[in-house]
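J.: mind looking at a prediction? Sequence and model below.
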Amino acid sequence: QTMLPKLAQKASYKVGFAQTESNNPWRIAQTKSMQDEAKKLGHQLVYTDAAGSTAKQVADVRSMIAQKVDAIFLSPREDKPLAPVVAEARKAGIPVILLDRNIDPALSKAGTDYVTFVGSDFIKEGQRVADWLVKNAAGKTNIIELEGTTGASPANDRRKGFDDVIAKNPKFKIVASQTGNFARDTGRQVAETLLQAHPEANVIYAHNDEMAIGAVSAIQAAGKVPGKDILVLSIDGGKEAVQMVVDGKINYVVECNPRFGPKAFATLKEYAAGKKLPAKIINADRDYTPQSAKAGLAGAY
Amino acid sequence: MQHIQKAFAGIKALDNASLSVAGGEVHALIGQNGAGKSTLIKVLTGAYRRDGGSITFAGAAVDFGSPLAAQRGGIATIYQEVNLVPLRSVAENIFLGREPKRFGLIQWPAMNAEAARLLTELGIELDVKRPLGSFSTAIQQMVALARAVSIQAQLVIMDEPTSSLNEREVATLFGVIRGLKQRGVSVIFVSHRLDELYAVCDRITVMRDGRTVFAGNMSDISRLQLVEQMLGREIKNAGAQTGFVRSETGGVARPLLSASGVVRGTRLSGASVEVGQGEVVGLAGLLGSGRSELARVIFGADQADGGEVSLGGQPVNFRSPSEAIKAGLGFCSEDRKGEGIVPELSVRENLTLALLPRLSKAGVVNTQQQAEIVERFIAQLGIKTSDPDQPIRELSGGNQQKVLLARWLAMNPKLLILDEPTRGIDVGAKAEIQRLIGELAQEGLGVLMISSELEELIEGCQHVTVLRDGKTVANLSGGSITEPQLLHAMAQGLEPEDAPRPPTQPPTQPVSA
Amino acid sequence: MQTLNVNLTQVATIIIVAMGMTLVIATGGVDLSVGSLMAISGVLAPLIFLNPAFANLQWLGILLAFILPVLVAGAFGLLNGLFVTRLKLQPIVATLVLYIAGRGIAQVITNGQLQSFSTPAFTYIGLGRPFGIPFQVILMLIIVAVTYWVVKRTVFGRSVLAVGGNETAAGLSGIPVSKVKLWVYAISGLLSGVAGLIVIAINSSSDANQVGQNMELDAIAAVAVGGTLLSGGKAQVLGTLFGALIIQLIRFTLLAKGVPDAAALVVKAAIIVVAVALQQRRRRE
Amino acid sequence: MLSTDRKAARANPGRTRLLSALSQYGVLATLILLIVFGALRYTGFMSEYNFSTFLRYNSMFGLISLGMCFVIITGGIDLSVGSVVAMSSVVAALLSPYGVVVAVLGAVAAGGLVGLINGLVITRLNIQPFITTLATLLGARGMALLLARNQSGVGIDPGNTALTWLGQGDFLRLPVPGVIMIIAFMIGGIALRSSPFGRHALAIGGGEDASKLMGLNVGRIKLGVYVLSGALAGLAGVILAAQLGAGQPTEGLGWELSAIAGVVVGGTLLTGGVGSVWSTLVGAMLLGLIFNILNFENGKGIISLSPYWQSVIRGGFLLLVVVLQSRLGRQEGKVG
Ligand SMILES: Nc1ncnc2c1ncn2[C@@H]1O[C@H](COP(=O)(O)OP(=O)(O)OP(=O)(O)O)[C@@H](O)[C@H]1O
Ligand SMILES: Nc1ncnc2c1ncn2[C@@H]1O[C@H](COP(=O)(O)OP(=O)(O)OP(=O)(O)O)[C@@H](O)[C@H]1O
Ligand SMILES: [Mg+2]
Ligand SMILES: [Mg+2]
């Protein structure tokens, strides 16, 4: 049982950031936040993009190890495959901090293999949406679920969190659940189709903002009023979606804030200072209801 | 083979065809273009499925499902179009499908050595490791022969093996055939050259329109009878073998095209030719002498490295066919399928392909005018098609050729370059096309005609330019255009005066009428 | 009626792109870059009409936003054509270059950022409904009609078929082969540009990462199911239209019936094979 | 003696050889040049660790490029390989509890099965390879997701360390996936050079009708190359699963295009009839090296290339290499 590698206290580090993909606003915001913070603090950020491929991400992290960076921020695309490279980094004396997605605890442990995990709990996010719905449905119980990219872990977790709660409330029924690829255009098309096929649907739960915004267009195209005839629920809390909550087109958004930069680098600093860190640092994510949205709008990413 | 039936898309290619070959004999198979010789052979070797009839080989009824099966059964075949793979080496082409192997791996040294040995036997020495495509058609033909010989077959089929060989090569081939015969191997030999048949064959089968019309001993049939059998009619005027009406142009024709000293790569090294208005000028030469190349250069399809071309006295240098077309030229390629027809398009579209820009206003085709023109040419040239909308690929070769001629005639050109205009088309169509060429010339069109058929040149042309190795070696006119003169110029390139006296025998009967 | 509209709006962009693809395939080529060109056009338009320079001249901004991106996409299409005709690259490889680089260019332009807008004058092409018919559907029908007419009636259309049917013969008949090819790739680019504008207009946002994703596969599948052989020489314009509609109907049905995405992919694969096989059987008869 | 070799006389054989050598070794030279460039410019680039990393990742591309090379040689194309890699990785993971042999054979067989379907549809139904494999690209992806029950990863049985060794282990200090790839290429090289299968594949690409008339069983050989391509993609799937400890149903997106690019960069024409296994290896590795170099360049901190720029650079690089290839190849073609 080796210890985590130490990180010398320096004014400036060369830090790796292994991003999983850059094809959606959330990821882009996350990357930007990391880059901005690194710049602000005078660190050098070595940034790789796995373009949605776990295999490439593994190779990316390894190339960071080969370049002997001081530390690595890793946003693992999946929970198992990245465990071996995390171990390799430790062996190479490079501490790893996980961002936004975790690694299978059976394979890799915080405090021994990697420093800590900073992020949100995707299952919890789904649960929070479902909990809100159960309380505020006002008789609207036929749900269309717009899933994220088939196979992606946030999609699976956000579904699990939501579906588990719904299953306990027999009043509610998920009439259709299809993937919208986390994308606005696909989300819109799928919503259009499902609204035709299931005229009884009066709730749409989207796994991210993009699909929710697409669904709003679809609802309007179908001649219905989003937010009134059909409730729209979403996760992420980007400015555009929050504005829609203010406008009454979306009813409820759970935040999943991509602005990881400040917290990530603060954690790094604390670690270098030798502070004891918890295994998980869960972001305090807000939510946006019609009541709270206006106030929160300015703070949304 | 008895009562073989074979139809393509409902059109009968073989109708009750029969062929019987005894062991150790060389059997001639003859017939006009499209008579069904190649088809019969392909049916025999399993390349085509027959629709009816029976095949007996070595005493047993056989039914080869594929060329491979026939090969295994003891039949080696040289197909008409050289059917080898140009990108692969000579040795591979000889042994493809039956490479010498050890532990499942090809034994290259053994294979190359054996290939070299086989070719040496045929009097050829070359690097068998080089791609086949880097050798001339004649060599490729010999490689195909080597392949056929090396398959220890009981029957070797040769479909027009001599069409691209020179005399010496033909002699080599005959040596091989005699050798095979001595070993008791039977040979089916297809050729249009009657001399060759008489030289090497024992028995003969004549086909016409997909049927067997004659079978007997070679010695029992005279050349004239043979040709009559092929054509299915008596030859009354032995002099006129072609459809040309000999036109004696009065006086000197006004010069139209003049190309002099054209050089291109190593293929053309000083080729010159002149065509006057209303003249049919022949371009003669052995295969590979650069005739097509010269035609392409004149037409702008290829660029010359040197030399001059002028049209109507003006020097021209066409950088593309479309420029040549604008200047009033037309060009029918020798490769009808590869460079002439657009198979999926209709007769109408094919016929008006070059004319389209003129048939249109602001890029929109005037379909009415198009239909009129198409109808006119279909009638005028007697193109047999069920409907102008019929895809051209469904037409017979002769009719395709007529459509291509019409494509250029519709342009009302000043000069038409025809590369082997009658190759591979049936006798009726051939005569018609020849007649047409003659008539057009009389109306003032200049025609430059490349042909490998001497009688076509002799009877159809006012002048003949002979090329050899990319150079113009002789210009013959009028009465001096005779077979011996031509042959001699083609082979030796000597000036006519130096030509040896024509053989004492009467000139051989040309095969194709 | 609603269902019809939904299906038609969803398939409109595919059909528009597939028209260009039909022409490209008719010459014996293929264009893999259509999706990337859609993205380029899609990111350029908002940059233009949201540009402060046009704050007081909104109509001009919008007009330019309709024209310039389409022209740029057409220019990239022309570049594809140059790769094919001048550099003599095989079409798959030639267009693979812009397939990879094109989306990168679109992303570089915006640094991957999504651009949202609400500019009714612009989004009309995606959301407008003259006479109750979605505008993009009208546009699509016009483009199909024009393509059909071009193939049937114009010299260019005949030339496309001749080049695809027998390039050498076409060249020897005076058809400017290279020019024809250049044009089909350019047209494919232009139509991709139009499709890119429609996609961003429907969504009132432009996302360089998403616009036109997988469009090349949809368009090629539509062309193939429509009975145009990939070897060239044929252009079944109406076939492509129906091919795209068939694929769309299948997608709609599978979605509506709740068939999961994974299973839908398998069904889609089978249907493409069966449809193409049936087309070929019919042709042979 | 016959004086027949007219065209050969035109071609200067020495020149031919030089050009063919250039086109063959031009890519190799580029590869070496890039490696030297990397070695001089970046610390850690020449480390054993980076070398091993590079091979582990790129071995999968190498394997699918090898299969693609055979397919392209016959004049076909296989767009399904990326999806097949994903599907087979899931199969390997699902079969991992039954031992390494079952897992490997099962995954390779699953890939081969997709290849068999491709081959049958292409040879029996006469549907063009592009369309056929476009369909299986969708179908195999669907199967991958179905088998994985929509999970992003299907974990390998932790007890099956032999399987993970195939992805993560070392053999004589070389990464096992790299060794597998090299062995596959050696076999592939011999097969293309000296086995009837390879030679006949080349012959078919050079002239399908002629090959048929010369008695080759064209259908079976075509079937063979698609099965081979599928099986190699299956093997790549095994390595993927073994390396990542999990089957990956969403992996391999667009890998078919990388494989095609690798083959083409290696100088093999998409028209078939010619091709080289070793140039394909060099081509595939060259494309992989670009990623590696870009990662290191970003690490220098002088310029920070966004992934977007990287796409643009990769596209431009592909164009450059392919144009160089075709220039050399065309001159060669002119003579040959
Ligand atoms: N694959 C085919 N499809 C359709 N028709 C064909 C095919 N092959 C041959 N034919 C037709 O069958 C007839 C016989 O052709 P075949 O090639 O056997 O003639 P041939 O006697 O060998 O002539 P040649 O002397 O020109 O070689 C011709 O009318 C030809 O057009
Ligand atoms: N596309 C080509 N590529 C390589 N060699 C060629 C090509 N076309 C012709 N040749 C060869 O070049 C030489 C001259 O060809 P050309 O076609 O000009 O001769 P030709 O006298 O017209 O013969 P033919 O009667 O066969 O057409 C021949 O050896 C021929 O085999
Ligand atoms: Mg014949
Ligand atoms: Mg010629």
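T.: Thanks, I have it. Ligands and ions are numbered 1, 2, ... in the order given.
J.: if I pick the residue lying closest to residue A:70 once chain neighbours are set aside, what's in contact with it?
T.: In space, and not counting its chain neighbours, residue A:70 is closest to residue A:13: 4.2 Å by CB to CB, 6 or more residues apart in numbering or on different chains. In short, each C-beta sits where N, CA and C put it, glycine included. By CB atoms under 8 Å, 6 or more residues apart in numbering or on different chains, residue A:13 lies in contact with A:7, A:43, A:44, A:70, A:71, A:268.
J.: ok, of the residues you listed, which one's closest to residue C:69?
T.: Of all these, the one with the least separation from residue C:69 (CB to CB) is residue A:44, at 37.0 Å.
J.: and the helix or strand that residue B:188 is a member of, C-alpha only, in CSV?
T.: According to DSSP states H and E, residue B:188 maps onto strand B:186-190. Taking Å, rounded to 0.1, in the frame of the first residue of the first chain, the C-alpha atoms of strand B:186-190 are listed here in CSV:
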residue,chain,number,x,y,z
SER,B,186,-6.8,-31.3,-79.0
VAL,B,187,-7.0,-27.6,-79.9
ILE,B,188,-9.9,-25.4,-80.8
PHE,B,189,-8.6,-22.5,-82.8
VAL,B,190,-10.7,-19.4,-83.5
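J.: and it, what other elements does it pack with?
T.: strand B:26-31, helix B:37-44, strand B:155-159, helix B:167-182, helix B:194-200 (3 or more CB pairs under 8 Å, 6 or more residues apart in numbering or on different chains; DSSP states H and E).
J.: quick one: closest of these to residue C:4.
T.: Short answer: helix B:37-44, nearest of the helices and strands packed on strand B:186-190 by CB to CB, at 53.7 Å.
J.: and the closest one, C-alpha only, in CSV?
T.: C-alpha atoms of helix B:37-44 as CSV (Å, rounded to 0.1, in the frame of the first residue of the first chain):
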residue,chain,number,x,y,z
LYS,B,37,-18.0,-18.5,-81.3
SER,B,38,-16.8,-16.9,-78.1
THR,B,39,-20.2,-17.6,-76.4
LEU,B,40,-20.0,-21.2,-77.4
ILE,B,41,-16.6,-21.4,-75.9
LYS,B,42,-17.7,-19.7,-72.7
VAL,B,43,-20.6,-22.1,-72.4
LEU,B,44,-18.1,-25.0,-72.8
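J.: is that helix anywhere near ligand 1?
T.: Yes: legend: contact between helix B:37-44 and ligand 1 by CB under 6 Å from any ligand atom is shown at B:37, B:38, B:39.
J.: how about these in TSV, adding neighbour count and distance to residue C:202?
T.: Putting these into TSV (neighbours: other CB atoms under 10 Å in any protein chain shown; distance: CB to CB, whole Å) gives the following:
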residue	neighbour count	distance to residue C:202
B:37	27	65
B:38	21	60
B:39	22	59
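J.: pLDDT score assigned to residue 22?
T.: Picked chain A for this. pLDDT recorded at residue A:22 is 85.
J.: that's the wrong chain, I meant chain D
T.: Per the predicted model, pLDDT is 63 at residue D:22.
J.: returning to that earlier point: identify the farthest-apart pair in the contacts of residue A:13.
T.: Within these, A:7 and A:44 form the most distant pair, 14.8 Å apart (CB to CB).
J.: the spatially most central residue of chain B in helix, strand or coil?
T.: Centre of chain B computed as the mean C-alpha position; nearest residue by CA atoms, centre = their mean is residue B:423, 4.7 Å away. Of the three states, residue B:423 takes coil under DSSP: H, G, I helix; E, B strand; the rest coil.
J.: quick one: name the residues of the stretch 201-301 of chain A near chain C.
T.: A:213, A:214, A:217, A:221, A:222, A:223, A:240 (CB under 8 Å from any CB of the partner chain).
J.: quick one, which of these are buried?
T.: Among these, those classed as buried by 16 or more other CB atoms under 10 Å in any protein chain shown are A:213, A:214, A:217, A:221, A:222, A:240.
J.: for the closest residue to the fifth one other than its chain neighbours, give its distance to ligand 2.
T.: Right, residue A:222. Among residues not flanking residue A:222 along the chain, residue A:195 sits closest, at 4.9 Å (CB to CB, 6+ apart). Separation of residue A:195 from ligand 2 (CB to the nearest ligand atom, to the nearest Å): 61 Å.
J.: so residue A:195 belongs to a strand, correct?
T.: No: with three-state DSSP as the criterion, residue A:195 is assigned helix and is not in a strand.
J.: that one touches residue A:144, doesn't it?
T.: Yes: checked against CB atoms under 8 Å, the pair residue A:195 and residue A:144 is within contact range at 7.3 Å.
J.: quick one on the thing from earlier: tell me which of the contacts of residue A:13 fall in helices.
T.: Among the contacts of residue A:13, DSSP state H puts residue A:268 in helices.
J.: and the contacts of residue A:13 as a markdown table, adding distance to ligand 3?
T.: Listed next are those as a markdown table, based on distance: CB to the ion, whole Å:
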| residue | distance to ligand 3 |
| --- | --- |
| A:7 | 83 |
| A:43 | 80 |
| A:44 | 76 |
| A:70 | 79 |
| A:71 | 78 |
| A:268 | 82 |
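J.: any low-confidence regions in chain C?
T.: With pLDDT under 70 as the threshold, chain C has low-confidence stretches at C:1, C:283-285.
J.: leaving out the residues flanking it, which one is nearest to the residue nearest to the centre of chain B?
T.: Closest residue in space to residue B:423, ignoring its immediate chain neighbours: residue B:334 at 6.4 Å, by CB to CB, 6+ apart.
J.: next one: residue A:173
T.: Excluding the flanking residues, the one nearest residue A:173 by CB to CB, 6+ apart is residue A:142, at 5.7 Å.
J.: distance of that neighbour from ligand 3?
T.: Using CB to the ion, to the nearest Å, residue A:142 is found at 74 Å from ligand 3.
J.: now do residue B:213
T.: 17 Å.
J.: dihedrals phi and psi, that residue?
T.: Dihedral angles of residue B:213 (phi, psi; degrees, to the nearest 10) stand at phi -110, psi -10.
J.: just the closest of the buried ones among the residues of the stretch 201-301 of chain A next to chain C to residue D:209, please.
T.: Lowest distance from residue D:209 to these (CB to CB) belongs to residue A:214, with 51.9 Å.
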